[in-house]
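> Got a predicted structure plus its sequence, pasted below:
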Amino acid sequence: QLIENYMNRHRLTWRDPKVSLLDLQYHDIRPDKGVYYRLVANDHVDRITDDETIEQAKHVPPQTTRARLRGEFIRQANLKGKDYRVDWVYLKLNDPERETILCKDPFQSHDERVERLIRSF
């Protein structure tokens, strides 16, 4: 609705670069740049959570998803000073002797392969 109102006010179409820019600016996560934060500041957004919950979620992964596996792997690797790589689906110690572990199921919160790798640090 925000974008459509902007388009109507300025007589723009979906193909106009200004519309694309507004879409990008809405999703800009910088509080001083993102349109979302301006809307919040002017009480134009109904929030479903608070800043404290968001801050906690940055450091405590959901315990029922592979994010728990990834978070625990990263935490343990950092504690032990291990060099590693991770993305959405794989975990890897940067060691040619170690396998890459694929974690394809986003709802799998435990995996014996990951737990075994962590124990081997």
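Yes, it's here.
> State the helix or strand in which the residue nearest the centre of the chain lies.
Centrality entry for the chain: nearest residue to the mean C-alpha point is Lys58, 8.3 Å, by Cα atoms, centre = their mean. Using DSSP states H and E, Lys58 sits within helix 51-59.
> Tell me the first helix or strand C-terminal of that helix.
Going down the chain from helix 51-59, the next helix or strand is helix 66-79, by DSSP H and E.
> returning to that earlier point: the helix holding Lys58: which residues count as buried?
Buried positions in helix 51-59, judged by neighbour count with 16 or more other Cβ atoms under 10 Å: none. Quick note: C-beta positions are derived from backbone N, CA and C, even for glycine.
> could I have it exported to CSV, CA atoms only?
Extracted in CSV, the C-alpha atoms of helix 51-59 (Å, rounded to 0.1, in the frame of the first residue of the first chain):
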residue,chain,number,x,y,z
ASP,A,51,13.6,-4.6,20.0
GLU,A,52,14.7,-6.8,23.0
THR,A,53,13.2,-9.9,21.4
ILE,A,54,14.9,-9.1,18.1
GLU,A,55,18.3,-8.5,19.8
GLN,A,56,18.0,-11.8,21.6
ALA,A,57,17.1,-13.6,18.3
LYS,A,58,20.4,-12.4,16.8
HIS,A,59,22.3,-14.5,19.3
